[in-house]
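let me see the structure of the following:
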Amino acid sequence: MSNYLGKKTVEEKRSTRPLVSFQEDMRSYFRARRAFSLQSMRTEGKLSSLDRPVFVSTQLPLSDFLEDTMLCSTLSLCLLLITVSTNLAIAIKKEKRPPQTLSRGWGDDITWVQTYEEGLFHAHKSNKPLMVILHLEDCRYCQALKKEFAKNEEIQEMAQNSFIMLNLMHETTDKNLSPDGQYVPRIMFVDPSLTVRADITGRYANRLYTYEPQDLPLCEYS
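As a prediction, this is how the structure comes out:
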């Protein structure tokens, strides 16, 4: 009997069974506990050689049975908690909102179009004017204007509700968007009839369509 237990223990250590064989492993564990209990009783003289059964079917004492039952329940609960936690983490990851890459820092809550042509299409279809912001990452004036534009709640709401929004880091093929030259930052407007509104200007005579952070209240479409 001791040789059988030793062999069984070595085989169990070497095995790498999946979780689906959990119940089978527990049954093997209980059988081993019963055999061990019977062997102990023989050693203590509680069983004679005539009482030795061919197949072990001795029941465990109540305390051992309760201990084994609690162990089985605890392991099952741990597996259940791991499964639930994993599924919950996957669900949270799927529901997490992806970053708005088209905003480039000008406002993640604004719906931005990707190209000038797409902006013209939506402007005509929705009967909303198109606002085009031309900027560069390495321009400190652009960065200052972007920071003020993004944190101003009134401007963010106006941009989302009243305009088709586009920000570009390159010039377009439409020369009407650069009536006095190509510089940044520059904000141009195109009305729903697809006419560039060159009459909407800022306050600088040498760069009519540039705006500084304090000039944003002047950036109005009418």
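
report the residue ranges of every domain in the protein.
Here the domain parsing of the chain from automatic domain parsing is 2-95, 101-218.

least confident of these, on average?
Among these, domain 2-95 carries the lowest mean pLDDT, a mean of 57.

quick one, helices of the protein?
In the chain, the helices defined using DSSP state H lie at 2-14, 22-43, 62-95, 116-126, 140-151, 153-162.

in the shortest one, what counts as buried?
Meaning helix 153-162. Ile155, Gln156, Met158, Ala159 (16 or more other C-beta atoms under 10 Å). Bear in mind the C-beta positions are built from the backbone N, C-alpha and C, glycine included.

could those be laid out in CSV, adding distance to Leu208?
Output for the buried residues of helix 153-162, formatted as CSV (distance: C-beta to C-beta, whole Å):
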residue, distance to Leu208
Ile155, 20
Gln156, 25
Met158, 21
Ala159, 21
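
what's the most distant pair in the residues you listed?
Maximum pairwise distance among these (C-beta to C-beta): 7.3 Å, between Gln156 and Met158.

distance of Arg186 from Leu168?
10 Å (C-beta to C-beta, to the nearest Å).

list the residues that contact both of the two?
Counting by C-beta atoms under 8 Å, 6 or more residues apart in numbering, the contacts common to Arg186 and Leu168 are Ile133, Leu134, His135.

contacting residues around the nearest residue to the last one once chain neighbours are set aside?
In this case it means His135. Closest residue to His135 apart from its sequence neighbours, by C-beta to C-beta, 6 or more residues apart in numbering: Cys142 at 3.9 Å. Cys142 sits next to His135, Leu136, Val184, Pro185 when contact means C-beta under 8 Å, 6+ apart.

and if you look at Ala123?
Pro129, Leu130, Ile164, Val190, Asp191, Pro192, Leu194.

restricted to strands, list those.
Mapping the contacts of Ala123 onto strands (DSSP state E) picks out Leu130, Ile164, Val190.

what is the last one paired to in the beta sheet?
It refers to Val190. Leu130, Val196 (DSSP bridges).

just the ones in strands among the contacts of Ala123 now: which is nearest Leu81?
Closest to Leu81 out of those is Ile164 (49.3 Å), distances taken as C-beta to C-beta.

roughly how far does that closest one sit from Gln114?
Ile164 sits 12 Å away from Gln114, going by C-beta to C-beta.

try Phe121
11 Å.

the two: which has the busier surroundings?
Phe121 (15 against 11; other C-beta atoms under 10 Å).

so who does that one touch?
Under the criterion of C-beta under 8 Å, 6+ apart, Phe121 has no neighbours.

having no further points to raise, I will conclude here.
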